[in-house]
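Enquirer: missing the sequence, but the structure's below:
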């Protein structure tokens, strides 16, 4: 994501020349936000190439022990003027999402849009830590404003407040 205070990469793909060139043309990277332990791929190579700081929750930091910034606890953390890092345990113990400008919610493996169901989905079969915690994390997300869900897997979607509230209710029933 391009940003005037430095560009962000959310989760890490494989390191490829084409992607590196594209990122370079856009001004490089300042931060690599890793939503959880199993989507770190080549984050270390990107960090080295662009002198970017890696951010991950301490509970998942065994996947990137050299991360420069480790979130602690489960309270949201403001980062710069536009970013909020929100711990959302469930998929993994250290899963976290990134809220940008009260508009875009980068959800990692926590939440996605299903075209087939035409609704939001959480992946119970891929919940490695705790489904109960994942549901609680979804309930905590009701405290925040956002318009777009941008997942690591599944489809992105513009989501109304009502749709999200209805989805969260359905998880508890």
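Expert: The structure has been received and is ready for your questions. Computed from a prediction, not measured in an experiment: that's the story for all the values here.

Enquirer: Poorly predicted segments of this protein, please.
Expert: 173 (pLDDT under 70).

Enquirer: Which residue ranges of it form helices?
Expert: If DSSP state H is used as the criterion, the helices of the chain fall at 17-25, 43-50, 131-141, 161-172.

Enquirer: Quick one: closest of these to residue 31.
Expert: Go through the helices of the chain one by one with Cβ to Cβ and the one that ends up closest to residue 31 is helix 43-50, at 9.5 Å. Quick note: C-beta positions are derived from backbone N, CA and C, even for glycine.

Enquirer: what residues does the closest one touch?
Expert: Contacts with helix 43-50, where a contact means Cβ atoms under 8 Å, 6 or more residues apart in numbering, come from 9, 12, 15, 20, 23, 28-30, 32, 34, 52-54, 64, 66.

Enquirer: Among those, which one lies nearest to residue 98?
Expert: Lowest distance from residue 98 to the contacts of helix 43-50 (Cβ to Cβ) belongs to residue 34, with 9.9 Å.

Enquirer: Contacts only, for the closest residue to the closest one other than its chain neighbours.
Expert: Ranked by Cβ to Cβ, 6 or more residues apart in numbering and with sequence neighbours excluded, the top spatial neighbour of residue 34 is residue 56, at 4.2 Å. Under the criterion of Cβ under 8 Å, 6+ apart, the contact list for residue 56 reads 33-34, 36-37, 40, 63-64, 67, 69-71, 94, 96.

Enquirer: Let's see which of those residues end up in strands.
Expert: When DSSP state E defines the strands, the subset of the contacts of residue 56 inside them is 33, 69, 70, 71, 96.

Enquirer: Which of those residues ranks first by neighbour count?
Expert: Of all the ones in strands among the contacts of residue 56, the highest neighbour tally under other Cβ atoms under 10 Å goes to residue 96, namely 28 neighbours.

Enquirer: just to revisit the earlier point, tell me which of the contacts of residue 56 is nearest to residue 160?
Expert: Relative to residue 160, and with distances defined as Cβ to Cβ, the nearest of those is residue 96, at 23.9 Å.

Enquirer: Check whether that closest one really touches residue 87, as I assumed.
Expert: Yes: taking contacts as Cβ atoms under 8 Å, residue 96 lies within contact range of residue 87: 4.8 Å.

Enquirer: which residues are common contacts for the two?
Expert: 57, 71.

Enquirer: Out of the contacts of helix 43-50, who's the most crowded?
Expert: Greatest neighbour count in these, by other Cβ under 10 Å, goes to residue 34: 29 neighbours.
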